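J.: Generate coordinates for the sequence data below:
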Amino acid sequence: MNAKEAAALLAHASGFDNRQPSVAAAQSWAAALPDVPCDQDARDAVAAYYSTPPQNPSERLWILPHHVKTLRTKIRNARLENFQYEPLPDETTAEFLARYRGQVKAIASGRAPAPTHRPALTGGPHPTVTAELEARGWKPGRTVPETDGEALADSVRRAGPLGIECPQCKAAIGRPCKTPGGNARQPMGKPRRTPHSVRTAAAQGRTTGSPEERAREEERRREASRLAAARHEEDIYDAEIVDEETR
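T.: Numbering: from 1, shown residues only. Take a look at the predicted model:
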């Protein structure tokens, strides 16, 4: 900017800090900002400086040329955040540089609309990368969980019954099944050493009966265990009493 433009920018700044612009100040600012025009971005930089509170509340804000240059650059770079150059086929290096610089200048100045969507990578990995990943046990192209809950479940998912939620006691993935009831130390119930049969069946893809049928089967197994224990007690003969005097 020249001295006249610097004087206009200083007049804009005086509305914030009540400074008294002078010819000497305008010439000094023009010498410090020879490659910065007095455009809307420069005026917005002044407004951004005075809209940010100082670190020390007792400190008085007083803008300097380097503040204008730094904040103006940030304003323009923000418009280029999602910019991605789209080359033309068979363009030369000179054509690429001219088109690239032109697009950057147009978007940074605001003359062209800034991209609103972040560019995303497309395509898959190189075959050699895929082969290396598979050799190390990784599966390229797997679906990435969309939520934190799915990611957590994926991190604890494992083979076998613990890889699914128990349909009977509702034990979470990766957690052991629980016995009915609970106490002060284990309000959710005591962990079972083995999973519920319905959980094992579901993990193996086998269908199970209704809750009533499962309850009857559980009762049948308890009764069978009780009868087996009773028969075992009947098979125990009375111990022979040996008189110590006859020995």
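J.: which residues of the protein score low on pLDDT?
T.: Where the chain drops to pLDDT under 70, the residues are 119-123, 137, 141-159, 181-188, 208-210, 214, 232-247.
J.: and the longest helix for it?
T.: Criterion DSSP state H: the longest helix present in the chain is helix 211-234.
J.: How far off centre is it?
T.: 51 Å (C-alpha atoms, centre = their mean, to the nearest Å).
J.: send the alpha carbons of that helix over as CSV?
T.: C-alpha atoms of helix 211-234 as CSV (Å, rounded to 0.1, in the frame of the first residue of the first chain):
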residue,chain,number,x,y,z
PRO,A,211,-37.5,-68.5,27.3
GLU,A,212,-40.2,-70.8,28.7
GLU,A,213,-38.6,-73.8,26.9
ARG,A,214,-35.2,-72.8,28.2
ALA,A,215,-36.5,-72.6,31.7
ARG,A,216,-38.1,-76.1,31.5
GLU,A,217,-34.8,-77.5,30.1
GLU,A,218,-32.9,-75.9,33.0
GLU,A,219,-35.3,-77.4,35.5
ARG,A,220,-35.0,-80.8,33.9
ARG,A,221,-31.2,-80.6,34.2
ARG,A,222,-31.4,-79.6,37.8
GLU,A,223,-33.8,-82.5,38.6
ALA,A,224,-31.5,-85.0,36.8
SER,A,225,-28.6,-83.7,38.8
ARG,A,226,-30.6,-84.1,42.1
LEU,A,227,-31.6,-87.7,41.2
ALA,A,228,-28.0,-88.6,40.3
ALA,A,229,-26.8,-87.2,43.6
ALA,A,230,-29.4,-89.2,45.5
ARG,A,231,-28.5,-92.4,43.8
HIS,A,232,-24.9,-91.8,44.7
GLU,A,233,-25.7,-91.4,48.4
GLU,A,234,-27.7,-94.7,48.3
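J.: Who are the packing partners of that helix?
T.: For helix 211-234, not one helix or strand is in contact under the criterion 3 or more C-beta pairs under 8 Å, 6 or more residues apart in numbering; DSSP states H and E. Any C-beta I mention is one placed from the backbone N, CA and C, and that applies to glycine too.
J.: can you pull out the helices in this protein?
T.: So, for the chain - with DSSP H - the helices run 3-17, 23-32, 40-50, 65-79, 93-109, 127-135, 148-156, 197-203, 211-234.
J.: could I get those helices as JSON lines with distance to residue 176?
T.: Below are the helices of the chain laid out as JSON lines (distance: least, C-beta to C-beta, whole Å):
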{"stretch": "helix 3-17", "distance to residue 176": "66"}
{"stretch": "helix 23-32", "distance to residue 176": "72"}
{"stretch": "helix 40-50", "distance to residue 176": "58"}
{"stretch": "helix 65-79", "distance to residue 176": "52"}
{"stretch": "helix 93-109", "distance to residue 176": "58"}
{"stretch": "helix 127-135", "distance to residue 176": "33"}
{"stretch": "helix 148-156", "distance to residue 176": "12"}
{"stretch": "helix 197-203", "distance to residue 176": "10"}
{"stretch": "helix 211-234", "distance to residue 176": "18"}
